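S.K.: sequence plus predicted model, see below.
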Amino acid sequence: MDPNGFSDPYVKLQLGRQRIRTKVVKKCLNPSWCEEFTFKVDDLKEEIVISVFDEDKYLIDDFIGHIKVPVIRVFEANDKSLGTSWYTLQPRNKKAKNKDCGEILLTISFLQNNSLLDLPSGGDPVSSPRKSFDIAMDSPLRASPLRSFSPMRSEEVTTSKEEKSHPSTVARRIAQIFNRNVDTAPTNSVEQPNVTELSESTNPVGLGTNSVEQSSSGNFEEVMKSLEMKEQGGEVLSNLPGGTVLDQLYAIAPREMNLLLFSPESDFLKSLTDMQGSTNLQIGPWKFENGGESLKRVVTYTKAASKLIKALKTIEEQTYLIADGNAFAVLSSVSTPDAPYGKNFRVEVLYCIMRGPEQPSGNQSSRLVVSWRVNFSQSTMMKGMIEGGTRQGIKESFEQYANLLSQKVNPVDVNDIGSGRGQFLASLQVESQSDWKLAVQYFANFTVISTIFMGLYVVMHICLAMPSTIQGLEFVGLDLPDSIGELIVCGVLILQGKQVLESISRFLQARVQKGTDHGIKAQGDGWLLTVALIEGSNLAAVDSSGFSDPYVVFTCNGKSKTSSIKFQISDPHWNEIFEFDAMDEPPSMLDVEVFDFDGPFAEATSLGHAEINFLKTNISDLSDVWIPLRGKLAQACQSKLHLRIFLDDTRGSNAVKDYITKMEKEVGKKIRLRSPRTNSSFQKLFGLPPEEFLINDFSCHLKRRMPLQGRLFLSARIIGFHADLFGHKTKFFFLWEDIEDIQVIPPTLSSMGSPIIIMTLRPGRGFDARHGARTQDEEGRLKFHFHSFVSFNVAHRTIMALWKARALTPEQKVQIVEEESEDNGIETSEEESPAKNLQGPGRVLEANSLQPINEESEAKGLQSEESGSFLGLEDVNMSKVYSSILSVPTSFFMELFRGSEIDQRVMERTGCLDYSHSPWESEKPDVYQRQLYYKFEKRISRYGGVVTSTQQKSRLQGRNGWLIEEVMTLHGVPLGDYFTLHLRYQVEDLPSRSVGCSIQVCVGIAWLKYTRHQKRITKNITSNLQQRLMVMFSLLEKEYVSGT
């Protein structure tokens, strides 16, 4: 158990030389694995050993307990299965202090490898099929309910050597496994066929009794239809983190693409293996498992030898994750057990087939996306090399895959489909109906008909009736109702007439609004947004007639377009086109809202709304899409709209340069155009579409409960933050339009002498990024605090320029310009009042306490910020730079990290000026964190420079010692923003010495941008750090001697 009271348990299983381990369940005393494993049994005298461990991040994993189950016990049990039962875990030896190790829930059974055991008459058996030993596990500590398990996949039928010592016993036991009646089953030798002689159409026989095999194309199509009828859950699969190796549109429907790639009758897989030089291809049948919940098959082949690796046997397990007719997803788990470290990892490849945009000819297209990752079952020092080799092999394999697929199916160019947009829009015609037809449709209801009938009836009554005598309070010209019945009839006539008159008024007003936006061409060059409103489905009925009068309002970048009104219908057809004027940058959001028309002065009733985020959606997916509406009425009726959305840039390749030139005028500084590689890394980091481009990025701190070091990324549409501190990654972004206000407050002690930029979002916006917010007010506004920029003025001006360009209306921009001009009149000059640059547009704050800014260091900071290419953040490789035994106890050594006077004196003597630190705060149980700030003396660095650092300390488990991790950022030094420095101190007592401790220091550099000087910088930092550590620990020993 860890000091926090929890464990990180996992299980190792071993049978002979076969070893398997489960996944790790973090921080749990009642874990549930629900995993299933299959072992090959060669000797019934063996034991299956099941051991439970507690994972330790830095030390040896702790042993919890184990059990041993003899294979013969499972074999002799009823139905060759021990069923599902709890097993008490035993300690490693009898002398262990802790005898209570918990329990584990297991299902252990034999599975047969071949349901057909052909035993011809005569002769003795000389070979026999191996047995499969199946284990399903749920929970080691009585926690979660037991789940049902299905038999695993079939293994290859292999031969075994002749058992001369006890042939009859082995033959009899094997016959007992596969045949109920042993005495009547004749035995003979079974000759194993050569794998190379098997044809691809040969289907291995399934293992389990619940498996259903499919071997023909007809059966496969029936299986697909049965999968489509099941609930798919509506889940959207994301690409695997290893990367995307294929993303292409093809001129084929998704269902046919699925048949081409995965049908048993397709020759695509055979052609691919022939092209790649692979041999011994054996394609297993598709089988239903887990009670028909999953569909799987196994493909085996021998991969061709390369220059570095010999020919390898490869096993692919393919499993359908999604199959709904329009989308298919297949996960392929590839293992090469004979490769170096092949038992430590599997390569997972995800094939996603989605419906693509409709072709100009009207035929369907499909989009194939293939992504991958390496899944390590055991840790290994060769992880980086394995991933690199896999990446290269995957790239080469799928280049051949794409070439072969393009020979069988024509690829589709997105531009070609875009060119068909004009043809589609030209063919889209508005349904023309005369006003008379609409009037008949609108007024043909019970209210109008009954009112007309009653009116005619009253008119006939007046013509036939005699004038009544004047009585009661009546006088000439005033005829009042003479009874309660007459009073009721008059009231009904008045209400009916009023309702009919209101209907006539609504109809006339609605006919004035005939969708005047339809067909109006957009003006200007830039990003052109075109929306085709086709139809609606299941719109909510809010009128008394049981229908509604719907119309749609589209809003983008503050401009709105309104459709025509459709009368008394729940499934309207519009066929209308709306074009928004060209924009300098691509739009971020398109707001869609459906209203019910109740008259020009009545409050419109919302039937549902939707938001289309162009940053989270591929524009090609919007070329023909049904948008579900949100809102109480819409969700109750499952309302949706059929739209076709197109987004094009009419300016060509100069759009990015033009936009950056425009921003340079606003910022007042040169902004360098980023390379395609940098933009690709930026897009991959935040999952952005390819049209998004990076404008600038700055190193800074995100202020939450504890400051977090990271980088702030600015693009035309988003502002994003990314940090990777002590293995914990923080990432979020929000739109410029989401920001309601930006303020700047003066430096504080908590911000380490740096001004703080506070961004306040609009109510209800940016909830995807709420984990990075400092506070949230009562109205739901999130506030984000950023500080410690390398060059604050440049970062602030860039942020303000981008925010003004995206989020502010022309009136707000004019107001900001007026406020800034008034401030400029009050301030004498920028040099005399550097705080002028810190005035926010929404509010002006006093910042007289700010120190003057060094223009030279700002220019250096700008140069460093705008040069280099952002590479993304990866795991840091740590190397040992210092190891020694100090003549001080561990408790005194920790004075260096307690903020004591000793800490202050040692840091100052090692060349750290203005040393300050925050108090230690508990980040999580037994883990503490603090911030450091100091400057280098000139003798340490001739550039001076400022250091901001985050330290985290925790106790070593099971030993008397501490682990201190530190992430350091250098400001004001050349290329300081290209990297962050990671340090790890490990100190512990020496049992062999009364006074003394062992200290080890490791260092690693996380490169944020590429530079050709990486080796030289690494060497310089390492040598300088070694000298500083020697001086620091020498001073610490002197302090200990003088203190004692």
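M.R.: On my side now, so go ahead.

S.K.: quick check, residue 655 in a strand?
M.R.: No - secondary structure of residue 655 (DSSP: H, G, I helix; E, B strand; the rest coil): helix, not part of a strand.

S.K.: next, the contact list for it, please.
M.R.: Counting by C-beta atoms under 8 Å, 6 or more residues apart in numbering, residue 655 touches 526-527, 649. C-beta coordinates here come from the backbone N, C-alpha and C atoms, glycine included.

S.K.: mind checking which of those are in helices?
M.R.: Residues of those located in helices (DSSP state H): none.

S.K.: by neighbour count, which of those residues wins?
M.R.: residue 527 (23 neighbours; other C-beta atoms under 10 Å).

S.K.: who's it bridged to?
M.R.: Counting by DSSP bridges, residue 527 forms beta bridges with residue 583, residue 649.

S.K.: any idea how far it lies from residue 661?
M.R.: As judged by C-beta to C-beta, to the nearest Å, residue 527 and residue 661 stand 17 Å apart.

S.K.: shaky segments in the stretch 1-150 of the chain?
M.R.: The stretch 1-150 of the chain contains residues with pLDDT under 70 at 1-5, 58, 97, 112-150.

S.K.: how about 80 then?
M.R.: Residues of the stretch 1-150 of the chain that meet the criterion pLDDT under 80 lie in 1-6, 17, 42-44, 57-59, 78-79, 93-100, 111-150.

S.K.: pull out the buried residues from stretch 772-789.
M.R.: For stretch 772-789, a neighbour-count test (16 or more other C-beta atoms under 10 Å) marks 772-774, 781-782, 784-789 as buried.

S.K.: present the contacts of residue 655 as TSV; the columns should include pLDDT and distance to residue 496.
M.R.: As requested, those are exported to TSV (pLDDT from 0 to 100; distance: C-beta to C-beta, whole Å):
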residue	pLDDT	distance to residue 496
526	75	55
527	81	53
649	76	57
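
S.K.: can you redo these as JSON lines with distance to residue 717?
M.R.: Shown next, in JSON lines, are those (distance: C-beta to C-beta, whole Å):
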{"residue": "526", "distance to residue 717": "14"}
{"residue": "527", "distance to residue 717": "11"}
{"residue": "649", "distance to residue 717": "14"}
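
S.K.: just those now: which is nearest residue 318?
M.R.: For the contacts of residue 655, the residue nearest residue 318 by C-beta to C-beta is residue 649; the value is 39.6 Å.

S.K.: residue contacts, that closest one?
M.R.: With C-beta under 8 Å, 6+ apart, residue 649 has these contacts: 526-528, 586, 655, 691.

S.K.: state the helix or strand in which the residue nearest the centre of the chain lies.
M.R.: By C-alpha atoms, centre = their mean, the chain has its centre lying nearest to residue 238, at 6.1 Å. Here residue 238, judged by DSSP states H and E, is contained in no helix and no strand.

S.K.: cool, and residue 803?
M.R.: helix 792-807.

S.K.: do residue 744 as well
M.R.: strand 739-745.

S.K.: what of residue 353?
M.R.: Assigned by DSSP H and E, residue 353 falls in strand 345-355.

S.K.: which strands and helices lie in contact with that strand?
M.R.: helix 254-262, strand 328-335, strand 366-376, helix 383-408 (3 or more C-beta pairs under 8 Å, 6 or more residues apart in numbering; DSSP states H and E).

S.K.: distance from the chain centre to the host helix or strand of residue 287, please.
M.R.: Assigned by DSSP H and E, residue 287 belongs to strand 286-289. Mean-position distance between strand 286-289 and its chain equals 29 Å (C-alpha atoms, centre = their mean, to the nearest Å).

S.K.: quick one: stretch 29-36 to chain centroid distance?
M.R.: Distance, stretch centre to chain centre, for stretch 29-36: 24 Å (C-alpha atoms, centre = their mean).

S.K.: what is the end-to-end distance of that stretch?
M.R.: 21 Å (C-alpha to C-alpha, to the nearest Å).

S.K.: dump the helix or strand where residue 611 lies to PDB, restricted to CA.
M.R.: Residue 611 is part of strand 605-613 when elements are defined by DSSP H and E. The C-alpha coordinates for strand 605-613 follow below in PDB (Å, rounded to 0.1, in the frame of the first residue of the first chain):
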ATOM      1  CA  THR A 605     -40.600  30.900 -29.600                       C
ATOM      2  CA  SER A 606     -37.400  29.000 -30.100                       C
ATOM      3  CA  LEU A 607     -37.800  25.500 -31.400                       C
ATOM      4  CA  GLY A 608     -34.100  24.600 -31.000                       C
ATOM      5  CA  HIS A 609     -30.600  25.800 -31.600                       C
ATOM      6  CA  ALA A 610     -27.200  24.500 -32.500                       C
ATOM      7  CA  GLU A 611     -23.600  25.600 -32.700                       C
ATOM      8  CA  ILE A 612     -21.200  24.500 -35.400                       C
ATOM      9  CA  ASN A 613     -17.600  24.800 -34.300                       C
END
